[in-house]
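Student: Based on what follows, work out the 3D shape:
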Amino acid sequence: MFSMNKTERGLIGFAIEIQRNALSTTARAMAVAFCRHIPLALVVAQYGRPESTGDMVAIHNSLELKAAQMLGERREPLAEDVSLFELAGVT
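Tutor: Residues are numbered from 1 along each chain as shown. Predicted coordinates:
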């Protein structure tokens with residue numbers, strides 16, 4: 001599930017990963033398309049996964065410096081120009 005949400009700091013993309021590893025499999029193309037066409041960080045909640053390490057951020061590489069404060073450890077590339085990170089400060 002994808003949406004755009006208004007926060008006190010502006011707009012962000014938001015997605016809920018309902019199926020295990022959906023962002024790396026069935027939802028990968030949607031996340032990549034979102035990041036390529038909408039200049040926002042995509043925050044991905046790992047819904048219903050108590051064993052998870054926290055939420056993630058998918059972002060187009062061109063926005064990496066702008067979003068540096070919210071980015072934690074890089075997890076994996078989703079495409080050559082879109083990367084997936086741990087959300088900094090979330091455990």
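Student: which stretches of the chain have low pLDDT?
Tutor: Along the chain, the parts satisfying pLDDT under 70 run over 47-54, 89-91.
Student: 50 instead?
Tutor: By pLDDT under 50, the low-scoring segments of the chain are 90-91.
Student: That one: strands as residue ranges?
Tutor: Using DSSP state E, the strands found in the chain span residues 2-7, 10-16, 42-45, 56-60, 71-79, 82-87.
Student: The longest one pairs with which strands, parallel or anti?
Tutor: Strand partners for strand 71-79, identified by DSSP bridges, are recorded as strand 82-87 (antiparallel).
Student: what's the offset of the strand it pairs with from the middle of its chain?
Tutor: 6 Å (CA atoms, centre = their mean, to the nearest Å).
Student: and it with strand 56-60, angle?
Tutor: 150 degrees (axes from the mean of the first three to the mean of the last three CA atoms, to 10 degrees).
Student: Strand 82-87: which residues count as buried?
Tutor: Buried residues in strand 82-87, counting neighbours by 16 or more other CB atoms under 10 Å, are found at Val82, Ser83, Leu84, Phe85, Glu86, Leu87. Every residue, glycine included, has its C-beta placed from N, CA and C.
Student: So what touches that strand?
Tutor: Residues from elsewhere that reach strand 82-87 (CB atoms under 8 Å, 6 or more residues apart in numbering): 23, 31-32, 35-36, 43-44, 53-61, 64, 70-78.
Student: Report the buried members of the residues you listed.
Tutor: Buried by 16+ other CB under 10 Å: 23, 31-32, 35, 43-44, 55-60, 70-72, 75, 78, out of the contacts of strand 82-87.
Student: With Arg20 as the reference, measure out to Ala41.
Tutor: Look at Ala41 and Arg20: by CB to CB, to the nearest Å, they are 23 Å apart.
Student: neighbour count winner among the two?
Tutor: Applying other CB atoms under 10 Å to Ala41 and Arg20 shows that Ala41 carries more neighbours, namely 23 against 12.
Student: What's the separation between the more buried one and Pro77?
Tutor: Distance from Ala41 to Pro77, counting by CB to CB: 16 Å.
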